[in-house]
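*Asks:* sequence and predicted structure below; questions after.
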Amino acid sequence: MSHTPLLEVEHVTMRFGGLFAVNDLSFTARPRQITAIIGPNGAGKTTLFNCITGFYKPQVGRITLHQERGPVYLERLDDFDIAKKARVGRTFQNIRLFARMSVLENLIVAQHNTLMRASAFSLAGLLGLSRYSKAEKLGVDKARYWLDKVGLLHLADEDAGSLPYGSQRRLEIARAMCTDPLLLCLDEPAAGLNPRESLELNTLLTGIRDEHGIGLLLIEHDMSVVMGISDWVVVLDYGKKIAEGTPGEIRADEAVIRAYLGEPDEAEA
């Protein structure tokens, strides 16, 4: 196991007016591990993801992604640069596919930055230069690889919006992987899935971790997913970290049990 973190979140605070959505939060996520962020509704999980991926700029704190060439401070980058320069991929609670594009085209679009560089910002593409033809072929091959991984290769020419809900979830993960992320952030990927689809998701995510060696950061309410695949779990409540540890440690943590189940009134006690 690597002792160098992949992601360091240090004293991050995000306020909306007088409300602390994330309050002095610190934790680390390691490479080749699945780190789950859990907590009741309103605990600050999606706000944290929005800070990591550049949709929000935290008022306080540092978010560092460690790469081979050195650390990248995510809070200093614009959201589009976090995907391009820091190689952080993301999926959303609400599926955001290009519904009228084909399944394959959704994965080609995800490789826009790479293909635009290869085309010299369209010039090489217009002139039919070999550098662009090679990049285009590699892009299609990568898209087909990920469609095969998520079991959708036979639907490559179908409109993405015509897929069943569970298939759209898998397509969104495949699209994120086509950006070659070092860190993949998944916001409730099991939401709306049936038990069989949740098991398939577990297999897909552990395969991504084990075969591609990247770190995954996971927000999830489905505890069968969290406890089944996570290497480390961080628990939030009202924007603050109340516990972190292995799934076994989190299951037995009294603060976590209170946050999810509530505490009895003093009179009741």
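*Replies:* On my side now, so go ahead.
*Asks:* in the sheet, who's paired with residue 240?
*Replies:* Assessed by DSSP bridges, residue 240 has beta-bridge partners residue 237.
*Asks:* is it true that it touches residue 25?
*Replies:* Yes. Counting by CB atoms under 8 Å, residue 25 is a contact partner of residue 240 at 6.9 Å. For glycine as for every other residue, the C-beta is placed from the backbone atoms N, C-alpha and C.
*Asks:* those two: which has the busier surroundings?
*Replies:* residue 25 (25 against 15; other CB atoms under 10 Å).
*Asks:* spit out the contact partners of the closest residue to that one other than its chain neighbours.
*Replies:* Take residue 25 and drop its neighbours on the chain: the residue closest to it by CB to CB, 6 or more residues apart in numbering is residue 12, 4.8 Å away. Listed by CB atoms under 8 Å, 6 or more residues apart in numbering, the contact set of residue 12 reads 22, 24-26, 48, 51, 58, 60-63.
*Asks:* how about a cut-off of 10 Å?
*Replies:* 22-27, 44, 47-48, 51-52, 58-63, 75, 239 (CB atoms under 10 Å, 6 or more residues apart in numbering).
*Asks:* just residue 232 next, same as before
*Replies:* Per CB under 10 Å, 6+ apart, neighbours of residue 232: 27-30, 33-36, 244-247, 249-250.
*Asks:* residue 144 too?
*Replies:* By CB under 10 Å, 6+ apart, the neighbours of residue 144 are 104, 107, 153, 156.
*Asks:* make it 7 Å
*Replies:* With contact set as CB atoms under 7 Å, 6 or more residues apart in numbering, residue 144 has these partners: residue 153.
*Asks:* mind pulling up the pLDDT for it?
*Replies:* Looking at residue 144, its pLDDT stands at 96.
*Asks:* in three-state terms, label the residue nearest to residue 25 for me.
*Replies:* strand (DSSP: H, G, I helix; E, B strand; the rest coil).
*Asks:* now do stretch 205-222: distance to the chain's middle.
*Replies:* Computed by CA atoms, centre = their mean, to the nearest Å, the chain-centroid distance of stretch 205-222 equals 8 Å.
*Asks:* stretch 228-236 now?
*Replies:* For stretch 228-236, the distance to the chain centre is 14 Å (CA atoms, centre = their mean).
*Asks:* likewise for stretch 64-74?
*Replies:* 17 Å.
*Asks:* please enumerate the helices of the stretch 101-250 of the chain.
*Replies:* 103-109, 112-118, 123-127, 130-149, 165-177, 195-212, 223-229, 247-251 (DSSP state H, counting those that start in this stretch).
*Asks:* could you dump the ones you listed to a markdown table with distance to residue 79?
*Replies:* Output for the helices of the stretch 101-250 of the chain, formatted as a markdown table (distance: least, CB to CB, whole Å):
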| stretch | distance to residue 79 |
| --- | --- |
| helix 103-109 | 17 |
| helix 112-118 | 14 |
| helix 123-127 | 26 |
| helix 130-149 | 23 |
| helix 165-177 | 14 |
| helix 195-212 | 23 |
| helix 223-229 | 27 |
| helix 247-251 | 31 |
